[in-house]
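Asks: Fold the following and give me the result.
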Amino acid sequence: MKIILLSIIFLLTISCSKEIKNRSDFEDNVINLILEKPNGKQIEFPEIYDSLAKRIPDQKDEKLLLVEKLKLRGFKIINSGRGNYPPLGPRIVIVTMKKDNCECEVSKIYYSTISENEFKMTESISCK
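Replies: Numbering: from 1, shown residues only. Predicted coordinates for the structure are as follows:
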């Protein structure tokens, strides 16, 4: 019985880590396509975070996953800001980045949920 239980736990662990790796590969592939043919269209990644936020961090503590991916490709931050995002959520964070003549805008949105102290996070990107 213990062997079966351990086997199931092991398979679930492998399956979950493969899903996270596949999701990251998918995000990287989409970013590559956007950078190859920038057209200004915004692409949102609704499942980029696998958990809800319990609070909205201060600006100095804010982390955007797509910004980090663009930094790895040589992009530099040229502008950033944050503000309210009514009626769908309490906060939006926008970061503008540039490399050569390609400029990208990355947004992170904190959507309100049923629970007052939990927020669904998504990120989007558009490049021109």
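
Asks: can you count the residues close to the nearest residue to residue 108 once chain neighbours are set aside?
Replies: Taking CB to CB, 6 or more residues apart in numbering as the measure, residue 108 lies nearest to residue 93, with 4.4 Å between them; neighbours along the chain are not counted. The way it works is simple: take the backbone N, C-alpha and C, and place the C-beta from them, glycine included. Residue 93 sits with 23 neighbouring residues when counted by other CB atoms under 10 Å.

Asks: SS state for residue 93?
Replies: For residue 93, the reduced secondary structure class is strand; criterion used: DSSP: H, G, I helix; E, B strand; the rest coil.

Asks: And it, what's its pLDDT?
Replies: Residue 93 carries a pLDDT value of 95.

Asks: ditto for the one 10 residues further on
Replies: Among the per-residue scores, residue 103 shows a pLDDT of 97.

Asks: I'd like to know how far the closest residue to residue 88 other than its chain neighbours sits from residue 36.
Replies: Computed as CB to CB, 6+ apart, the closest residue to residue 88 that is not its neighbour in sequence is residue 111, at 5.6 Å. Spatial separation of residue 111 from residue 36 under the definition CB to CB, to the nearest Å is 30 Å.

Asks: residues contacting the closest residue in space to residue 52 that isn't next to it in sequence?
Replies: Leaving aside its chain neighbours, residue 52 sits nearest to residue 118 (4.3 Å; criterion: CB to CB, 6+ apart). Under the criterion of CB atoms under 8 Å, 6 or more residues apart in numbering, the contact partners of residue 118 comprise 52-54.
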